[in-house]
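Undergrad: Need a 3D model of the following:
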Amino acid sequence: MNNSSRISVIIPAFNEENGIGEVISEIPKERVQEIVVVNNASTDDTERIAKEAGATVLRESTPGYGRACLKGIDYVKNSARPPDIVVFLDADHSDYPEEMHQLVRPIVEDGVHLVIGSRALGKKEAGAMTPQQIFGNWLATRLLRILYGVTFTDLGPFRAIRYDKLMELNMQDTTYGWTVEMQLKAAKMKLKCMEVPVCYRKRIGFSKISGTVKGTIMAGYKILYTIFKYA
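TA: Okay, here's the model as predicted:
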């Protein structure tokens, strides 16, 4: 890794027409060779707006957060010049894309393999995370510490990872277990991981997961299932 390291940004997006344009415009463009938006069965103008903002847009017609991320990974893997670092970022404008440098810097300068943007360590706007999200993160990270011996404070979606290490993880989850799968597999493989504080604000639009009882229950179940599956 060096200061000329190439970065690809993967953004899974399901009906995020109100946020995706702002997210793309706020991504620092230095060293970013491509912004890949995966349109995950959207029925709104997400795809058009992402294209107009300059992103490469892929289509994944089967819903699933992890499935959209896998589509993006498969694309960068088969590109003529794969990146050195892959950044994952949500499309709802709840993260601050301009903080991307804080996630990438430890990989470039300190040899870290995986960096998680921790909302628990950073500043959160009031109401940006629901009580069930906060509790779920606490429970999941506590189980990761007990079962895998690794200390995280968050399963935050804003994260950066070395491309070669991402390939070694052989990610599989197609839905809500995606983020925790990456973290526990990194722990099992003894990758060098760290967290950096990131700011977090209320998302633009309605959350398809934490905004519904069904989504919250399904996400919680899948996260716990994934944690125990690999233990």
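
Undergrad: could you point out where this protein is predicted with low confidence?
TA: 1, 206-213, 215 (pLDDT under 70).

Undergrad: can you tell me which residues contact the residue minimising distance to the centre of it?
TA: Centroid-nearest residue in the chain, with Cα atoms, centre = their mean: Pro157, separated by 3.1 Å. By Cβ atoms under 8 Å, 6 or more residues apart in numbering, Pro157 lies in contact with 88-90, 95, 179. Where you see a C-beta, it was placed from the backbone N, CA and C, and this is true even at glycine.

Undergrad: element containing it, please.
TA: If you go by DSSP states H and E, Pro157 is not part of any helix or strand.

Undergrad: one step back: narrow the contacts of Pro157 to those in strands?
TA: Counting by DSSP state E, the contacts of Pro157 place Phe88 in strands.

Undergrad: Considering the contacts of Pro157, which possesses the most neighbours?
TA: In terms of neighbours by other Cβ atoms under 10 Å, those top out with Leu89 at 27 neighbours.

Undergrad: I'd say it and Ser8 touch.
TA: No: using Cβ atoms under 8 Å, Leu89 is not in contact with Ser8, being 11.0 Å away.

Undergrad: tell me which residues in stretch 62-74 are buried?
TA: By 16 or more other Cβ atoms under 10 Å, the buried positions in stretch 62-74 come out as 64-73.

Undergrad: counting contacts, what elements does the longest strand along the chain pack onto?
TA: Of all segments of type strand in the chain, defined using DSSP E, the longest is strand 32-40. With contacts taken as 3 or more Cβ pairs under 8 Å, 6 or more residues apart in numbering; DSSP states H and E, strand 32-40 sits against strand 7-13, helix 20-26, helix 46-52, strand 56-60, helix 65-77.

Undergrad: And the ones you listed: which comes nearest Cys199?
TA: helix 20-26 (12.3 Å; Cβ to Cβ).

Undergrad: In three-state terms, how would Glu16 be classified?
TA: Glu16 carries the three-state label coil when classified by DSSP: H, G, I helix; E, B strand; the rest coil.
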